[in-house]
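A.B. asks: How does the following fold in three dimensions:
(chains A and B)
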Protein chains: 2
Amino acid sequence: MHKVVERGTKSLINSRIKRKSFLNKIVHNVDDLIPHFQNGMYIGWSGFAGTSYPKVVPIALADHVEKNNLQGKLKMNLFVGASTGPETEDRWAMLDMIDKRYPHQNGHHIRNGINQGRIRFSDEHLAIFANELIGGYYTMDKPHGSKRTLDVAIIEATEITEDGCIVPGASVEDEVSNAIANHIVGFFKNEIEQGRLPKNLLPLQSGIGSIANAVVGGLSRGPFDNISVWTEVVQDTFLDFFDNGKLKFASATSLRFSPAGFNRLFNNWETYQNKLVLRNQSISNSAELVRRLGVIAMNTPVEFDIYGHVNSTCTFGSKMLNGLGGSGEFLRNSKLSIVHAPSTRPTKSDPHGISSVIPFASHIDHPEHDIDILVTEQGLADIRGLAPYERAKVIIEKCAHPIYKPILMEYLETSHSLGIKKGMGHEPHQLDKAFKFYTNLFEKGTMRIDKW
Amino acid sequence: MHKVVERGTKSLINSRIKRKSFLNKIVHNVDDLIPHFQNGMYIGWSGFAGTSYPKVVPIALADHVEKNNLQGKLKMNLFVGASTGPETEDRWAMLDMIDKRYPHQNGHHIRNGINQGRIRFSDEHLAIFANELIGGYYTMDKPHGSKRTLDVAIIEATEITEDGCIVPGASVEDEVSNAIANHIVGFFKNEIEQGRLPKNLLPLQSGIGSIANAVVGGLSRGPFDNISVWTEVVQDTFLDFFDNGKLKFASATSLRFSPAGFNRLFNNWETYQNKLVLRNQSISNSAELVRRLGVIAMNTPVEFDIYGHVNSTCTFGSKMLNGLGGSGEFLRNSKLSIVHAPSTRPTKSDPHGISSVIPFASHIDHPEHDIDILVTEQGLADIRGLAPYERAKVIIEKCAHPIYKPILMEYLETSHSLGIKKGMGHEPHQLDKAFKFYTNLFEKGTMRIDKW
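C.D. replies: Numbering: from 1, shown residues only, chains lettered A, B, ... in the order given. Okay, the predicted model is just below:
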């Protein structure tokens, strides 16, 4: 076991490493560790969503590759619970140092590497990743005779206890987002009136990104008290929620604050310290706990189709964005599963060129069976208890942008009457036309088709 | 509360109804109950997979509708945990007595009603059905002023205890199936050798149908001892498994034996009674328990695509078969998720007209993230730890029928090189061609396309 100590005086080191027999394993010059890393190795890092990941060793390895022109010659298989920072993972990708990367990723170069076929990426449910790693599923193809586990694990830690345990580190708003938040607040109010939700709601999960952040901001201004949060990542607007006294407690696996957010946290540490707990991702994202707690899950997808199938990962059916993350465990196992997205996104030639509501999702991560509520700035579709044809009418009516409503409704009605005629009317599609939004987009830069 | 007692003498009734205050609620003539049922009501039945469902009252209602020409005039919303017998549910469908049917179904007439748009059906994960029913999700659209719960529940019971609790009743092999079973047995042997499975495997779940039945038969002849089973439905071949001493214990929610199977069970009751327990479907199919136990899940889908997305419910993307059942909870939460199907199915004009391995699944119930192993009579694809492009090569190579292998491989390689060129190469598709197997099938009666 080796450890590198950075930016530390000797007394600080001694105070942090309480198991004294480890002190003689300290390496003071990071370059001494380089020879331990070889081409083809299976490497694990600590970290989640851009926090608590190792910096010194990965950066030293990247410098080593760059200085010695070893691009493509020191490639490793990299396993980290979720995304890390761009100066490590994404720089490794830029320097062609990554062969496989599981189960999540983030960064321009790594994304390109995946979509250009240089990096082998498999998108996995985060909650089950550790089990599968320990179970040997990811190291099955290591050469015979070699150790069938990870070769090296690099862990960022703040302390090592006397018994040798490692103490790890701590793992933007607009009109569309506000409209989405308002629809959700209105929906929750009505659910409380109808007796289907308690006055303090249920533990909230909220995804990553500007829409999720704005939705939490909107909820923090809503008429709800004593809220609890059971989520993966806590973003800036959760601090507003704490500060106005409405958020009682939050459990997460990682903090993803802006620099200003971190300043707020540490400047008011006394206030926050008993209201926030970080747990590992097998717990925070656990199917069992999400279901037992009756979590309300809220996530932003790429697109969803008229029957409620949801794409969270691949644009144009083919191009990986970041990955599934916790969305699968949360959406399937929650008491209420909510997805929210803008009704359209722009292309170069059309400010509404891409509709988030489409006839057939170009990739499906969450099937219809897992989704209760779909929201865009246009409105909120409550599809609980609805059969597919009813569901489609509500989704188009409530969520689609007015430009796309008549086009989608025509697809639905034609599919429905053809389907009924053929005795295939349960969830009717015209498979020869199902992806026409996409073929039109590729040809003409917009999903606004002239005719079916 | 009303009860109908059928085929019982007075002393038998008295011995079965131990809460004596209920005895004066017995109705001896089933026709006296007819007026309690009105058009538009929300009705619950007991039962699962063709067992433990009520017969006398539903049949009496069907007779009433038939005799008085009330077809379409006494329509009810029917909620039963899973499928029932054809003389009740399917006869109701034939007599146009069903408006909505959740969350599962089985039968020629009900399937037609759904696919012709007369019956509103919503396919749900069975494990979560009871929660959602109790949570009011299925009764939200009842008229204001009416009770927002089920109007009547009809329960088949064998006993009522002193404290008023209800004791419910007990809820083909061929060459292709045998080849599938042999591939799975070989795979399990290797997993044991590699140390990834214990010698007695892990608790087995097996789906419904002839392939699942044959796979269990194959396993019962395999070299495995002290097996346990955690499943939804126990079929005939489980009895062989008990009888050869290899199956130690089975937990299920329902028995689905042939008449001969039931005879075997009851004739050897002493042998079986301590080896078999039936639990309710919220337990048998529970995500939490399936994950905790590390179940090995084995289910038969309609089709799967080259990247491992699985369709369990809708043929041609549109036409409902039976429904999702427990497959979602088992496949996602199991330690090993296995799907098995014949590599092709016949059409009228081509004995291999439909390939089970297709470029893009025409409906997706289980996304790629949930699937480990895919099996046809051709071979077994182990896709654990593989990125999408690698996965596709293995699935085509191992599972596709030789007729379809070159066609699928050409689709993959063209999609891959185009995708890489465009920077969309993670899980590359050609959306303009993705459903061409289907358009060809509709036009020419076979998926064997001439060219892409």
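A.B. asks: Give me the nearest residue to A:Gly222, chain neighbours excluded.
C.D. replies: Distance criterion C-beta to C-beta, 6 or more residues apart in numbering or on different chains; nearest residue to A:Gly222, sequence neighbours excluded, is A:Val185 at 4.3 Å. For glycine as for every other residue, the C-beta is placed from the backbone atoms N, C-alpha and C.
A.B. asks: Show me the shaky parts of chain A.
C.D. replies: For chain A, the stretches with pLDDT under 70 are A:1-9, A:49-51, A:144-145, A:169-172.
A.B. asks: swap the cut-off to 50 and go again
C.D. replies: For chain A, the stretches with pLDDT under 50 are A:1-7, A:172.
A.B. asks: who's in contact with the residue nearest to A:Gly222?
C.D. replies: Residues in contact with A:Val185 (C-beta atoms under 8 Å, 6 or more residues apart in numbering or on different chains) are A:Gly218, A:Leu219, A:Gly222, A:Pro223.
A.B. asks: Please tell me how far the closest residue in space to A:Val234 that isn't next to it in sequence sits from A:Asn226.
C.D. replies: Leaving aside its sequence neighbours, A:Val234 sits nearest to A:Ala252 (C-beta to C-beta, 6+ apart; 4.5 Å). Distance, A:Ala252 to A:Asn226, using C-beta to C-beta, to the nearest Å: 18 Å.
A.B. asks: Please name the nearest non-neighbouring residue to the residue of the stretch 1-150 of chain A found nearest chain B.
C.D. replies: Closest contact between the stretch 1-150 of chain A and chain B, by C-beta to the nearest C-beta, is at A:Arg120 (3.7 Å). Spatial nearest neighbour of A:Arg120, excluding adjacent residues (C-beta to C-beta, 6+ apart): B:Ala387 at 3.7 Å.
A.B. asks: For the residue of the stretch 1-150 of chain A closest to chain B, give me phi and psi.
C.D. replies: Backbone geometry at A:Arg120, expressed as degrees, to the nearest 10, gives phi -90, psi 120.
A.B. asks: which residues touch it?
C.D. replies: A:Arg120 touches A:Asp99, A:Lys100, A:Arg101, B:Leu386, B:Ala387, B:Tyr389, B:Glu390, counting by C-beta under 8 Å, 6+ apart.
A.B. asks: Spit out the contact partners of A:Asp225.
C.D. replies: A:Lys199, A:Asn200, A:Gly245, A:Lys246 are the contacts of A:Asp225 under C-beta under 8 Å, 6+ apart.
A.B. asks: quick one: the strands in the stretch 251-400 of chain A?
C.D. replies: A:254-255, A:276-278, A:296-299, A:303-305, A:310-311, A:314-315, A:319-320, A:336-340, A:344-345, A:354-355, A:357-358, A:373-376, A:379-382 (DSSP state E, counting those that start in this stretch).
A.B. asks: Turn the ones you listed into a markdown table, columns for distance to B:Ile407 and mean neighbour count.
C.D. replies: What follows is those, written out as a markdown table (distance: least, C-beta to C-beta, whole Å; neighbours: other C-beta atoms under 10 Å in any protein chain shown):
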| stretch | distance to B:Ile407 | mean neighbour count |
| --- | --- | --- |
| strand A:254-255 | 45 | 23 |
| strand A:276-278 | 50 | 17 |
| strand A:296-299 | 37 | 28 |
| strand A:303-305 | 27 | 24 |
| strand A:310-311 | 26 | 26 |
| strand A:314-315 | 23 | 22 |
| strand A:319-320 | 25 | 23 |
| strand A:336-340 | 35 | 27 |
| strand A:344-345 | 35 | 22 |
| strand A:354-355 | 31 | 24 |
| strand A:357-358 | 27 | 26 |
| strand A:373-376 | 36 | 25 |
| strand A:379-382 | 39 | 21 |
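A.B. asks: Relative to chain B, which of those is closest?
C.D. replies: strand A:319-320 (3.6 Å).
A.B. asks: Let me know whether the closest one sits next to chain B.
C.D. replies: Yes. Residues of strand A:319-320 are located near chain B by C-beta under 8 Å from any C-beta of the partner chain, namely A:Lys319, A:Met320.
A.B. asks: ok, back up a step: which one (most neighbours) among the contacts of A:Asp225?
C.D. replies: Counting neighbours by other C-beta atoms under 10 Å in any protein chain shown, A:Lys246 leads the contacts of A:Asp225 with 18 neighbours.
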